[in-house]
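> build me a model from this:
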Amino acid sequence: MNVSRATLALVLAGAGAFLLTLIPLMRWHVSARVFTAPLEQQSMTRSVAESATYLDPATMKAETGTLVRTRWLIGDVLTGDERRAVWTESVSLATRDERRLDYHERRLAFDRRTGVIVNCCGEYLDEDARIKQSGQAFRWPFQAPRRDYTLFDLRLRRAVRVSYDGVERVRGVETHRYVQRTPRQVVPGEQPPVPRRLLGLKGKGDVGVARYAEIRRTFWVEPVSGLPVKTTDRVTETLVTADGSGRLVALDGVFTTADGDVRAALDTAAFYRRWDLVAGTVTPVGGGLLGAGCVIAAIRLVRRRSPAAQDEEQVPGDELADAR
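Residues are numbered from 1 along each chain as shown. Next comes the predicted model:
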């Protein structure tokens, strides 16, 4: 076997071993670097409810019109680390002409891979740091399994159950559908009194009320990225007196994610799907075939003997010289 063939076999064997070793390393590297929620986050999404019924707190009159729920997410890069991210969420409810009806804000930390809330880092909800948030924060886990989850509901100030409800395509992309069904219950927090006349009660002045909410919320989650790409939120809130004699619908509407925000969320999810294809299919299959091919070629080169070498073994030159 000449030197060039031995060298080629050695190179092929090394290349094959490298490619085969690269497969698990690539998968681990991609999972560790790509499949994590970003520390830096600056995004805004809108959900719109057409023909919603609501109580205008400025005029204390029942109105019907379009409402817009705007949600901002801002990441705190300096507080987050390789395992957790810290984001602030602000949610504003306003009329089409931007008259604000309601506002909530919270800060929390969550695991960058699972999306589960982590209690640390100065979390709060509406300036109340005593509330302990739990469950999923802003996303599902990467490669989200088809099962039920718990999410922290900003309005109810507690964790609620969301049930897996099947598979559905959103703009051609397969998503998992989850549903939150929250029966009528009291909304925490102080509720200012309202005029008796609004509740259909006799007399003048205001009367104390409690706010009740009934929620049916549907999430469409792209499972590879764990991102909710669309949400529909049917919410009914009612003001009720202590004795139940007076009641008033304070909010009744169906909020659906705006089309442009659905497209943007699907584009973000597509980034993770492409990396999943590279790490889960292209690298294992392509690298495996190429690596195995290099190793097989190296083995064949080692086993193969050249015709010249075989002739030298059959008729040695020194023996011919001695025969003369």
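
> chain neighbours aside, what residue packs nearest to the residue nearest in space to the middle of the chain?
Closest residue to the average C-alpha location of the chain: residue 227 at 2.8 Å, with Cα atoms, centre = their mean. Nearest residue to residue 227 in three dimensions, chain neighbours excluded: residue 269, at 5.0 Å (Cβ to Cβ, 6 or more residues apart in numbering). From N, CA and C alone the C-beta is placed, and that goes for glycine too.

> coming back round to it: which residues does the residue nearest to the centre of the chain contact?
139, 140, 221, 265, 268, 269, 272 (Cβ atoms under 8 Å, 6 or more residues apart in numbering).

> returning to what we had before: can you name the residues that contact the residue nearest to residue 227?
173, 222, 224, 225, 227, 229.

> distance of the residue nearest to the centre of the chain relative to residue 141?
To residue 141, residue 227 is 11 Å away according to Cβ to Cβ, to the nearest Å.

> most surrounded residue in the contacts of residue 269?
Ranked by neighbour count (other Cβ atoms under 10 Å), these have residue 225 at the top, with 26 neighbours.

> now do the helices in the protein.
Taking DSSP state H as the test, the helices found in the chain are 3-33, 259-277, 288-303, 307-314, 317-323.

> buried stuff in the second one?
Applying a neighbour-count criterion of 16 or more other Cβ atoms under 10 Å, one finds 261, 262, 264, 265, 266, 269, 272, 273, 275, 276 buried in helix 259-277.

> alpha carbons only: can I get it in CSV?
Provided in CSV are the C-alpha atoms of helix 259-277 (Å, rounded to 0.1, in the frame of the first residue of the first chain):
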residue,chain,number,x,y,z
ASP,A,259,-54.0,40.0,11.3
GLY,A,260,-50.6,41.8,11.1
ASP,A,261,-49.6,40.5,14.5
VAL,A,262,-50.6,37.0,13.6
ARG,A,263,-48.3,37.1,10.6
ALA,A,264,-45.5,38.6,12.6
ALA,A,265,-45.8,35.8,15.2
LEU,A,266,-45.8,33.1,12.5
ASP,A,267,-42.7,34.6,11.0
THR,A,268,-40.9,34.4,14.3
ALA,A,269,-42.1,30.8,14.8
ALA,A,270,-40.8,30.0,11.3
PHE,A,271,-37.3,30.9,12.4
TYR,A,272,-37.4,28.2,15.1
ARG,A,273,-38.9,25.7,12.8
ARG,A,274,-36.1,26.1,10.3
TRP,A,275,-33.5,25.6,13.0
ASP,A,276,-35.4,22.5,14.2
LEU,A,277,-35.3,21.2,10.6
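
> give me the pLDDT for residue 279.
Per-residue pLDDT puts residue 279 at 64.

> same thing with the one 4 residues further on?
pLDDT, the model's per-residue confidence, is 53 for residue 283.

> also the one 10 residues further on?
The confidence metric pLDDT takes the value 63 at residue 293.

> which residues touch residue 262?
170, 171, 229, 230.

> out of those residues, name the ones that lie in strands.
170, 229, 230 (DSSP state E).

> show me what contacts residue 182?
153, 156, 160, 213, 214, 215, 216, 217 are the contacts of residue 182 under Cβ under 8 Å, 6+ apart.

> and which of those is nearest residue 41?
Nearest to residue 41 among the contacts of residue 182, counting by Cβ to Cβ, is residue 153 at 20.7 Å.

> chain neighbours aside, what residue packs nearest to the closest one?
residue 160 (4.8 Å).

> next one: residue 170
residue 220 (5.1 Å).

> go ahead and confirm that neighbour touches residue 265.
No. Residue 220 is not in contact with residue 265 according to Cβ atoms under 8 Å; the separation is 9.3 Å.

> hey, what's in contact with both of the two?
Shared contacts of residue 220 and residue 265 (Cβ under 8 Å, 6+ apart): 228, 229, 230.

> point out where the stretch 151-300 of the chain drops to low pLDDT.
Applying pLDDT under 70 to the stretch 151-300 of the chain flags residues 278-300.
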